[in-house]
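Engineer: 3D, please:
(2 chains)
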Protein chains: 2
Amino acid sequence: MAFVAASTGKPVKAVLFDVFGTVVDWRTGVAAAVRRFADSHGLELDADAFADAWRARYVPGMRRVSSGERPFVLLDVLHRENLDGVLADLGVDAGRFGPAALDELNRAWHFLPPWPDSVAGIAALKRNYIVGPLSNGNTSLLLDMAKVGGLAWDLILGSDVTKAYKPTMEAYLRPAALLGLEPGEIMLAAAHESDLAAARTAGLAAAFISRPLEQGPGVPGAGVAAQSWDLAVSSITELADQLGPRLGGCVFLTTIVGRCR
Amino acid sequence: MAFVAASTGKPVKAVLFDVFGTVVDWRTGVAAAVRRFADSHGLELDADAFADAWRARYVPGMRRVSSGERPFVLLDVLHRENLDGVLADLGVDAGRFGPAALDELNRAWHFLPPWPDSVAGIAALKRNYIVGPLSNGNTSLLLDMAKVGGLAWDLILGSDVTKAYKPTMEAYLRPAALLGLEPGEIMLAAAHESDLAAARTAGLAAAFISRPLEQGPGVPGAGVAAQSWDLAVSSITELADQLGPRLGGCVFLTTIVGRCR
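Structural biologist: Numbering: from 1, shown residues only, chains lettered A, B, ... in the order given. Predicted structure coming up:
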């Protein structure tokens, strides 16, 4: 009855998700916040290009932590530094806004809109599997996003819990240990094959979720997987359908010892 | 509109709960598991007294970690050691059962029944506040309990995340940091005044929840608070009523930046 991943030979007990791009549409959300910021400050700029430039600094920023070049800092801090970098590249003097306005804009990353299938898909999976993010976001960011977006995670363990950014192995292995599961009992669901490849190296099962609009419309090859994964789907609701029920009738027993793991 | 705690002068944004005794009825749950274990192994014993003896070793076990006498170990490990101790006190040779049967009995602590008001009370609070456990339980224990019991936590940060057992200050302060909140923006809800007193020292608001049956029926003075707290209630549903709505209509916004904190 359980779904056994081909790559691990183990039944999947938890499905953990990459968030930025896989569960939420960061580009639309950030561009909307940038547009509001620009309008209220009389700035002329291309909000979509601004969002892309901000995101382009994401991986290099984390890499300086993962390489040991600097100690661990919250993703909120990296996002804020990266915002300053984008403004500088555009020749905009950040000093004219004041830190509170920039902190506010930076918090756009806490309130990104879910893709249309995310809320229902996660709720469906939750009935039979442990569900949570496995994201580079810090806990408070992921919590804000879940509360406002309606993402019904069972638990949230941000990168500030693991003190590790993907794709370092610890970012995948520490959540497994906290869940009391073997890595192979966890499936990572992600739209990015580099993330899935690292998870596979760490011993996790891997599901590719196609998000062809993540980088905006009209990107050639977007949303197509180059490699083969345990599952490849085009939505989280489809992932829930493919994984199916894990065990019948074992959820919400309270009077006898549950057998849901 | 927000509930401002008298002890902190701050609006409460998150309500975190002690779990054993406050959210779940550990004595009934553990005694039931002990009874099943005894029946299946032909043991004659008083299951309630066994549960009490097991629980009596709980605080001393954690104290050896908090004092630095030994490194941090999971509460699962402490519970297992304490089980061996109770059996030895009863003159029962643990060797006759095999480790798998004892591990199974030990997992009774993962599957304790919620008090009758817990599921509805937490769900009601969740609409307006961040809700989670602030327990000495490890993450996987709290996760099992939530899945099987239907406790709709927003997030679960076990003692293996903070690497600290209550009542050490770090056990209260580290969750606040992970939530991105000031300690005074968090209310601890607990049935034990020693826990509430430590939380107050750490700067948290404190709500007493009366659980007169925690130690079984007929205990004189059980469920009565000796001190004054920000709130004193007899159920989690009553706590939800007293705290009331925090902000109107701000939950589940997805298209504009949320203002739920």
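Engineer: Excluding sequence neighbours, find me the nearest residue to residue A:215.
Structural biologist: Leaving aside its chain neighbours, residue A:215 sits nearest to residue A:222 (6.0 Å; criterion: CB to CB, 6 or more residues apart in numbering or on different chains). C-betas here are computed from N, CA, C, even on glycine.
Engineer: Could you do residue A:149 as well?
Structural biologist: Spatial nearest neighbour of residue A:149, chain neighbours left out: residue A:114 (4.8 Å); criterion: CB to CB, 6+ apart.
Engineer: tell me the contacts of the one you found?
Structural biologist: A:23-25, A:149-151, B:254 (CB atoms under 8 Å, 6 or more residues apart in numbering or on different chains).
Engineer: need these in JSON lines with distance to residue A:69, can you?
Structural biologist: What follows is the contacts of residue A:114, written out as JSON lines (distance: CB to CB, whole Å):
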{"residue": "A:23", "distance to residue A:69": "29"}
{"residue": "A:24", "distance to residue A:69": "29"}
{"residue": "A:25", "distance to residue A:69": "31"}
{"residue": "A:149", "distance to residue A:69": "33"}
{"residue": "A:150", "distance to residue A:69": "38"}
{"residue": "A:151", "distance to residue A:69": "33"}
{"residue": "B:254", "distance to residue A:69": "36"}
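Engineer: Pull out the buried members of these.
Structural biologist: Those of those that meet the buried threshold are A:23-25, A:149-151, B:254, by 16 or more other CB atoms under 10 Å in any protein chain shown.
Engineer: Which member of the residues you listed is positioned nearest residue B:87?
Structural biologist: Nearest to residue B:87 out of the buried ones among the contacts of residue A:114 is residue A:151 (CB to CB; 43.9 Å).
Engineer: Confirm for me that that closest one is in contact with residue A:22.
Structural biologist: No. Look at residue A:151 against residue A:22 with CB atoms under 8 Å: they stay out of range, at 11.6 Å.
Engineer: Now do the phi/psi pair for residue A:115.
Structural biologist: phi -60, psi 160 (degrees, to the nearest 10).
Engineer: mind checking how far it is from residue B:191?
Structural biologist: Using CB to CB, to the nearest Å, one gets 42 Å for the distance from residue A:115 to residue B:191.
Engineer: what does residue A:65 give?
Structural biologist: Counting by CB to CB, the gap from residue A:65 to residue B:191 is 41 Å.
Engineer: State the next helix or strand along the chain beyond the helix or strand where residue A:189 lies.
Structural biologist: Assigned by DSSP states H and E, residue A:189 belongs to strand A:186-190. Tracing the chain past strand A:186-190, the next element assigned as helix or strand by DSSP H and E is helix A:193-201.
Engineer: That next one to strand A:186-190, inter-axis angle?
Structural biologist: Between helix A:193-201 and strand A:186-190, the angle comes out at 170 degrees (axes from the mean of the first three to the mean of the last three CA atoms, to 10 degrees).
Engineer: could you give me the average pLDDT of helix A:193-201?
Structural biologist: Here helix A:193-201 scores 98 as its mean pLDDT.
Engineer: Now do the buried residues in it.
Structural biologist: The neighbour-count criterion (16+ other CB under 10 Å) identifies A:193, A:195-196, A:198-200 as the buried residues of helix A:193-201.
Engineer: Can you tell me which of those residues is nearest chain B?
Structural biologist: For chain B, the nearest member of these is residue A:199. The distance, counting by CB to the nearest CB, is 19.6 Å.
Engineer: what's the neighbour count on the nearest residue to that closest one once chain neighbours are set aside?
Structural biologist: Counting by CB to CB, 6+ apart, residue A:188 is the residue found nearest to residue A:199 once chain neighbours are left out, at 3.9 Å. Residue A:188 has 28 neighbours, counted by other CB atoms under 10 Å in any protein chain shown.
Engineer: Nearest to residue B:44, out of the contacts of residue A:114: which one, please.
Structural biologist: Nearest to residue B:44 among those: residue A:151, at 50.3 Å, using CB to CB.
Engineer: Check what pLDDT that closest one gets.
Structural biologist: Residue A:151 carries a pLDDT value of 98.
Engineer: Please, where are all the helices along the stretch 101-250 of chain A?
Structural biologist: Assigned by DSSP state H, counting those that start in this stretch, the stretch 101-250 of chain A shows helices spanning A:118-126, A:139-149, A:159-162, A:169-179, A:193-201, A:236-243.
Engineer: For the nearest residue to residue A:70 once chain neighbours are set aside, report the pLDDT, please.
Structural biologist: Take residue A:70 and drop its neighbours on the chain: the residue closest to it by CB to CB, 6+ apart is residue A:64, 5.3 Å away. Here, the pLDDT recorded for residue A:64 equals 97.
Engineer: separation between residue A:64 and residue B:18?
Structural biologist: 40 Å.
Engineer: So, low pLDDT: which residues of the stretch 101-250 of chain A?
Structural biologist: A:246-250 (pLDDT under 70).
Engineer: Can you pull the residues of it lying near chain B?
Structural biologist: Within the stretch 101-250 of chain A, the residues that sit near chain B (CB under 8 Å from any CB of the partner chain) are A:107-108, A:110-111, A:113-114, A:130, A:138-140, A:143-144, A:146-150, A:153-158, A:160-161, A:178-181, A:250.
Engineer: Report the contact partners of the spatially closest residue to residue A:206 that is not a sequence neighbour.
Structural biologist: Of all residues not flanking residue A:206 in the chain, residue A:196 sits nearest, at 4.2 Å (CB to CB, 6+ apart). Listed by CB under 8 Å, 6+ apart, the contact set of residue A:196 reads A:188, A:190, A:206-208, A:227, A:229.
Engineer: same deal with residue A:212?
Structural biologist: Listed by CB under 8 Å, 6+ apart, the contact partners of residue A:212 are A:219, A:222-224.
Engineer: What's the per-residue pLDDT of residue A:98 here?
Structural biologist: pLDDT recorded at residue A:98 is 88.
Engineer: domain parsing for chain A?
Structural biologist: Using automatic domain parsing, the domain parsing of chain A gives A:14-23+A:118-243, A:26-110.
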